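Q: Return atomic coordinates for the entry below.
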Amino acid sequence: MEFTITFPGGLKVEAADGRQRILTDQSPESGGEGSAPEPYTLFLASIGTCAGIYVLRFCQAHGLPTDGVHLFQRSHWDEVRRRLARVDLEVRVPPSFPERYRDALARSASLCAVKKALHDPPDFDVRTVVPPPSSGA
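A: Next up, the predicted model:
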């Protein structure tokens, strides 16, 4: 997967992959307009939405209704190390949700690819390059 990252103005930053565009902005407190989520907010949301798709697919595969099913995510910040310390994810189900599927539903959410990437993080290679001039042909 490849993205092109551009700067459409102010403190907005956009990522495009050829099919979709993802816009970010900074909050007014940080000098932005608050017109879109901040990048770190998108990062945190990607954890819950990724787990959510696993929960949704589990329910669909087992013919279970998703009415009243939702995930609740809480992030814990380590002030000393100035980093994300822990993420709690709760798969909340109504009392009518079959008890025999409740543990499996949580296990399904834990299969999230974003969570797995955090457990075994990728290497990063960040550098500056000057691409060759394009031919005008």
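
Q: quick one: buried residues of stretch 103-118?
A: For stretch 103-118, a neighbour-count test (16 or more other C-beta atoms under 10 Å) marks 105-106, 108-109, 112, 115 as buried. For every residue, glycine as well, the C-beta is placed using N, CA and C.

Q: Mind putting the residues you listed into CSV with distance to Y40?
A: Compiled in CSV, the buried residues of stretch 103-118 are given as follows (distance: C-beta to C-beta, whole Å):
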residue, distance to Y40
L105, 28
A106, 26
S108, 26
A109, 22
C112, 18
K115, 17
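
Q: Domain boundaries for the protein, per the record?
A: 1-37, 38-121 (automatic domain parsing).

Q: do you know which of these lies nearest R127?
A: Nearest of those to R127, taken as C-beta to C-beta: domain 1-37 at 14.3 Å.

Q: and the spatially most central residue of the chain, what helix or strand is that in?
A: In the chain, the centroid-proximal residue (C-alpha atoms, centre = their mean) is S46; its distance is 1.0 Å. In this assignment (DSSP states H and E), S46 forms part of helix 39-61.

Q: in that helix, what's buried?
A: 44, 47-48, 50-52, 54-56, 58-59.

Q: Going by distance to G32, which of the residues you listed wins?
A: L44 (17.4 Å).

Q: Just list whatever residues bridge to the closest residue to that closest one other than its chain neighbours.
A: Take L44 and drop its neighbours on the chain: the residue closest to it by C-beta to C-beta, 6 or more residues apart in numbering is S75, 5.7 Å away. Here S75 sits in beta bridges with V87, going by DSSP bridges.

Q: Is it correct that F7 falls within a helix?
A: No: using DSSP: H, G, I helix; E, B strand; the rest coil, the secondary structure at F7 is strand, not a helix.

Q: Walking through this protein, point out its strands one by one.
A: For the chain, the strands defined by DSSP state E cover 4-9, 12-16, 21-24, 70-78, 83-92.

Q: what pLDDT, on average, does the shortest one get?
A: Strand 21-24 carries an average pLDDT of 97.
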